[in-house]
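Colleague: Following is a predicted model, sequence given first.
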Amino acid sequence: MPLLGVPLALIGLVALPALTAIYWLRTRFRRQEVSSLFLWSLVAQAHGGGRRATRLQTPLLWLLELLAILLLALAAAGPRIPRADRVIPVMVVLDDSFSMSAVQQDGQSVRDAGLDAIRQELSGLGPFVARFIVAGPEPALQEGSATRIADIDSAVGDWRCESTSSGIGAAVALAREVGGPDCRVLVISDHASTDVRTPDDELEDNQTAEDQASPGNESGGGGVTQAGRLRWRAVGEPGPNAAIVNAVRSTDTQRDQVLIEVANFSDKPYSVTLTLSAAAEAASQPDSQDTAPIGPTRVIDQRTLDLAAHETRRLRLVPPNKDEILIAQIDDDALAADNRVVLMPPSRDPLPVAVSIADPVLNKAVHAALQASGAAKIDPRHSKLSFTDRITPPLTISPSIGETNPAPNTTPGIEDGAPELARPWRVEFEIPQADAIDAYLGPFVIDYAHPLAAGLSLTGLVWAAPSAESGQPTVGRPIVSAGDTPLISERDLVGGTGGIGGAGGAKALRIRLRADRSTLLSSAAWPVLIANIIDWQRAELPGLSRVNARPGMPVRLNLATPIDHVSVTYHTLTGKASDEPPNRIDTHNGTAVLTSDRPGIYRVSAGDEIHRYTVNALSPEESDISHAVSLDGGLWNDERALRTDYRGLAWILGLLALGLLALHAWLQYRPSGPSPAIISEGTT
Amino acid sequence: MDDALSKPIATAYHAGLAYALLRPSRTPGGMIGEQLGSSAGSSVEFMDYREYTPGDDLRRVDWSVYGRTDRLVVKLHREEVTPHLDILVDASRSMALTGSDKSASSLGLAAALSAAADNARWSRRLYAVGEENIQVPGGEGNPQGWAWPGFDGRQPLGLTPITAGLKLRRRGVRVLISDLLFDSDPWPIISRLAEGASALFVVQLLASQDADPPWNGDLRLVDSETGLLREVRMDSAARERYLQRLQTLRQQWSAACRRVDGRLIEMIAEDLTDNWDLRQLVECELLRLS
């Protein structure tokens, strides 16, 4: 398809009506009454005129001038036609978010509309080779490519529109990396390009940021489409939708609770029926991949929710049986992906712990915090976590932080009677003497990347710790410090409960604290710290770290028996088995990290172990299709594309214009012959 | 007579009082009057003798000559006549061309000739010729009393025989006032006008735009009589062609007039109405200063 390099030059076409107006004014005949016409019969005819002032005449000179102007304007606009021998590479970025699966009013899904848009864009491009990138949370380059319109459906591959987010920016970057500098990028989405930034955009933003004091001065909708060689086709259609935007099942060891949030994303009230069902987890053999993960269901609660416009209703439900699978379902609407969630029953086994602390104040505080956590029980014989005020000698510390090599065959810190491979983790309290302490008011330096720091706030506390001269030598990685004084530090023990030796072994946590001189125990940070310690240790126990995950959230599987890999089988949220073969995930140090972006039920086979977890499509941003748009922006062609893919026609048009002007000059200045006697006659 | 024409007619008549019609070399005829005619008549002025022929009035026999010579001769005297002027004005629409003084100047010229005729004690009549030839009621009297029918003729002069229906006085002086801008052979018109006339004068009265079109550019010309259109581009070449044709037309009319001892007088309407200077008619021996 021909295109123009400088479309702005077409403004020169305004000369066409201007020239026509000049001719019209010039050839407008003045009416003049004369005594008689017969003396005028031999007078030269009017070349530029006609009988009616309102009817535009088309003298040859005028036509030539019009054509010359037209050709010159077109030449200035830089017309180009595709090179016949050029195959244009195209990278198509496909928005994989589940909002693309919404059904529009005409019954067509946004995904199908996107396919139509791809066909439309590629059909006018000439010879092309298109590759496809599915833009989920992580961009996925599809294997196939399309060189014909008919190949597109098969080449889009895994574009299922089931992700809860779409990293289009990363996908565009990948597209440009894979496609190279000559490729064109086509983005198919249902929203504008506000979330995509290119390096050029960022550079431009940085350059202009100093001049723009207003923080709201954003490039809405422009973004990447201004960078050139990128077309953005949004094929969405705004519409009402109700969705389950949040579903959480408690992991409390005592009782089961479910939190469900249902949102109405339309501008009008919306009535929706929420059905909560329970199902037993289907028993399956380790070798069986096709067994449905959900057994027969029974409705345990059903209610109608009258939601106001843009209202989000939060429901707290207590299921009758905490060991069953819960299924929440609302009525079908434009977007089906967000109408159903499946919540697996989490593991509720309390963590056996042992407490051996001489300080009565500290001992009481530890017991209280353990009880408050609801996730631990005092069981010294089978304890996997030990709270003690006995400090492990530094010489037995593992080399994880490079201090000292461990002594062979030593088992420091092992409680009496603990099995060899189930050594408990230790929490060691270093309690200084009253005359050898320093009290710290902060600021406290907290490593928030550590699991123990989740939700921990020490602001305003008084923390009494051993003075630098009197304390035990500090080893391990500091987690909480006051200046250069570690208050909480972590180190590895040889062996442990959670791992199979090595780095996955037991941990020793040292807390340097004088309880009666500190305010920590009376603050909210204390139970938070103890709960974090319990959760940290539980995460190292065999089994899944969580059974109800969100898309993209890593699920860690600690294997009780070390094997090389695990197999993951996918089922939909309705329990339907997939045709896809099981996904093989390699393990590392007895741990497999499973990351799933696709909502569904995942069955993990690890030898004789069978685990299941669900990923629910919980994404208010994707469920809200009221902001979906249908637009197109950006240009396929930049200066480079024009140079490489197209052949310029400006010189041809310029030559034609010159020829016309030469003919014009010849016609105008040629010797004139006798004029026709009569050119037109009529009556007034 | 409408007000637009009465004032120039009055002015022209006043200007014409300074002139008198000049008797042409061929003695005009007319009814018995107070001026001597070119043939024998009953006036007291002796003209000639001739031999008596039977039938002659015996009272005119000069008996004294018979007594001296014994020959019967008859004494001839000049006849006494009243010379007559017929003024024929083209009544076609072209004589009332919009934006020109042709209508005022044509009737004004007729009034001036009438004044000159009155000064010379000539009788006169006024005719409107063109599509229909009529004698203008009151044309013998004061020009202010002329019942001019108007310049309404859609037909150029000459299509209707110019003397048809008119009783022009024989041996009278005839003056035709017209722009002569029609495509017709002038000889039939001139010959008819000259028939029985003692003298013929044709005054071609043109508007200044007829004589020298001032326009430039593209024009849609409208024929004032027929309404026909012609679109022309007016430039120097077109003007030259037009003037050549006009000159050719004048030559044709002048040649036709010379065949009958008539005269073609070319006048510009606007020049005439400016000062009613009739010396051009004196030079053409139509008028003399009174």
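Modeller: Yes, it's here.
Colleague: State the next helix or strand along the chain beyond the helix or strand that contains A:L66.
Modeller: Secondary structure from DSSP states H and E places A:L66 in helix A:60-76. Next helix or strand after helix A:60-76 toward the C-terminus (DSSP H and E): strand A:79-82.
Colleague: mind listing the helices for the stretch 101-250 of chain B?
Modeller: Taking DSSP state H, counting those that start in this stretch as the test, the helices found in the stretch 101-250 of chain B are B:102-119, B:186-194, B:208-211, B:236-259.
Colleague: Revised request: answer the last question for chain A.
Modeller: Using DSSP state H, the helices of chain A run over A:15-26, A:60-76, A:110-123, A:152-155, A:168-179, A:199-209, A:360-373, A:525-538, A:620-623, A:639-645, A:650-669.
Colleague: Minimum distance to B:V203: which of those has it?
Modeller: Closest to B:V203 of those, according to CB to CB: helix A:15-26, at 40.3 Å. Backbone N, C-alpha and C define where each C-beta goes, glycine included.
Colleague: now the angle between helix A:60-76 and the closest one, please.
Modeller: Interaxial angle of helix A:15-26 relative to helix A:60-76 (axes from the mean of the first three to the mean of the last three CA atoms, to 10 degrees): 160 degrees.
Colleague: Just give me how far helix A:15-26 sits from the chain centre.
Modeller: Mean-position distance between helix A:15-26 and its chain equals 57 Å (CA atoms, centre = their mean, to the nearest Å).
Colleague: just stretch A:349-364 next, same as before
Modeller: Here stretch A:349-364 is found 44 Å from its chain centre; the criterion is CA atoms, centre = their mean.
Colleague: what's it in contact with?
Modeller: Outside of stretch A:349-364, the residues within contact range by CB atoms under 8 Å, 6 or more residues apart in numbering or on different chains are A:253, A:366-367, A:370, A:374-390, A:415, A:424, A:429, A:431, A:513, A:515-516, A:521, A:534, A:537-538, A:541.
Colleague: Go through those residues and flag which are in strands.
Modeller: A:376-378, A:385-388, A:429 (DSSP state E).
Colleague: Surely B:G145 touches B:G138?
Modeller: Yes. With contact defined as CB atoms under 8 Å, B:G145 counts as touching B:G138 (4.3 Å).
Colleague: So for those two, which sits in the more crowded spot?
Modeller: More crowded of B:G145 and B:G138, by other CB atoms under 10 Å in any protein chain shown: B:G138, with 15 against 11.
Colleague: And A:L521, how far from A:A375?
Modeller: According to CB to CB, to the nearest Å, A:L521 and A:A375 sit 20 Å apart.
Colleague: what's the answer for B:P54, then?
Modeller: Using CB to CB, we find B:P54 at a distance of 179 Å from A:A375.
Colleague: which one of the two has more residues nearby?
Modeller: Neighbours were tallied for B:P54 and for A:A375 using other CB under 10 Å; the higher tally belongs to A:A375 (21 against 4).
Colleague: what's around the residue nearest to that one when sequence neighbours are not counted, how many residues?
Modeller: For A:A375, ignoring the flanking residues on the chain, the nearest one in space by CB to CB, 6 or more residues apart in numbering or on different chains is A:I534 at 5.1 Å. Applying other CB under 10 Å, we find 20 residues neighbouring A:I534.
Colleague: dump the residue contacts of A:I534.
Modeller: A:I534 makes contacts with A:351, A:353, A:370, A:373, A:375-376, A:385, as judged by CB under 8 Å, 6+ apart.
Colleague: quick one, phi psi at the residue in the stretch 1-150 of chain B positioned nearest to chain A?
Modeller: Closest approach of the stretch 1-150 of chain B to chain A (CB to the nearest CB) occurs at B:S94, with a separation of 3.9 Å. The phi/psi pair for B:S94 (degrees, to the nearest 10) reads phi -60, psi -20.
Colleague: isn't it right up against B:Q155?
Modeller: No. Here B:S94 does not reach B:Q155: they are 10.5 Å apart, not a contact under CB under 8 Å.
Colleague: hey, what's in contact with both of these two?
Modeller: Contacts common to B:S94 and B:Q155, judged by CB under 8 Å, 6+ apart, are B:E225.
Colleague: Between these two, tell me which one has more neighbours.
Modeller: B:S94 (30 against 15).
Colleague: Quick check: closest non-adjacent residue to that one.
Modeller: Here the residue nearest B:S94, using CB to CB, 6+ apart, is A:S35, at 3.9 Å.
Colleague: Partner strands of the strand ranked longest in chain A and their direction?
Modeller: Across chain A, the longest stretch assigned as strand under DSSP E is strand A:294-307. According to DSSP bridges, strand A:294-307 forms sheet pairs with strand A:270-281 (antiparallel).
Colleague: neighbours around A:V87, how many?
Modeller: Here the number of neighbours of A:V87 (other CB under 10 Å) works out to 12.
Colleague: Contact partners for it?
Modeller: A:127-129, A:147.
Colleague: are any of the residues you listed buried, and which?
Modeller: A:128-129 (16 or more other CB atoms under 10 Å in any protein chain shown).
Colleague: what's the lowest-pLDDT member of the contacts of A:V87?
Modeller: By pLDDT, A:P127 ranks lowest within those, coming in at 83.
Colleague: Hmm, that one is touching A:P89, no?
Modeller: No. Taking contacts as CB under 8 Å, A:P127 lies outside contact range of A:P89: 10.4 Å.
Colleague: Minimum distance to A:E261: which of the helices of chain A has it?
Modeller: The nearest among these, by CB to CB, is helix A:620-623 at 8.7 Å.
Colleague: Nearest spatial neighbour of the residue nearest the centre of chain B, chain-adjacent residues omitted?
Modeller: Central residue of chain B (CA atoms, centre = their mean): B:V175, 0.5 Å from the mean position. Spatial nearest neighbour of B:V175, chain neighbours left out: B:F201 (4.6 Å); criterion: CB to CB, 6+ apart.
Colleague: Export stretch A:509-529 to PDB, keeping only CA atoms.
Modeller: Coordinates of the C-alpha atoms in stretch A:509-529 are reproduced here as PDB (Å, rounded to 0.1, in the frame of the first residue of the first chain):
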ATOM      1  CA  LEU A 509      18.400 -16.900  64.900                       C
ATOM      2  CA  ARG A 510      20.100 -14.800  67.600                       C
ATOM      3  CA  ILE A 511      18.100 -12.100  69.300                       C
ATOM      4  CA  ARG A 512      20.100  -9.900  71.600                       C
ATOM      5  CA  LEU A 513      17.700  -8.500  74.100                       C
ATOM      6  CA  ARG A 514      17.400  -7.600  77.800                       C
ATOM      7  CA  ALA A 515      13.600  -7.900  78.200                       C
ATOM      8  CA  ASP A 516      13.200  -6.000  81.400                       C
ATOM      9  CA  ARG A 517      15.000  -3.000  80.000                       C
ATOM     10  CA  SER A 518      13.200  -3.000  76.700                       C
ATOM     11  CA  THR A 519       9.700  -2.100  75.500                       C
ATOM     12  CA  LEU A 520       9.700  -4.700  72.700                       C
ATOM     13  CA  LEU A 521       7.700  -7.300  74.600                       C
ATOM     14  CA  SER A 522       4.900  -4.900  75.300                       C
ATOM     15  CA  SER A 523       4.700  -3.700  71.700                       C
ATOM     16  CA  ALA A 524       2.800  -5.100  68.700                       C
ATOM     17  CA  ALA A 525       6.200  -5.900  67.100                       C
ATOM     18  CA  TRP A 526       6.700  -8.800  69.400                       C
ATOM     19  CA  PRO A 527       3.900 -11.100  68.300                       C
ATOM     20  CA  VAL A 528       4.600 -10.100  64.700                       C
ATOM     21  CA  LEU A 529       8.200 -11.100  65.100                       C
END
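Colleague: Tell me the buried residues in that stretch?
Modeller: Across stretch A:509-529, burial judged by 16+ other CB under 10 Å covers A:509-515, A:517-521, A:523, A:525-529.
Colleague: follow-up on the earlier one: pull out the buried residues from the contacts of stretch A:349-364.
Modeller: The neighbour-count test (16+ other CB under 10 Å) applied to these identifies A:253, A:366-367, A:370, A:374-376, A:380, A:383-389, A:424, A:429, A:431, A:513, A:515, A:521, A:534, A:537-538 as buried.
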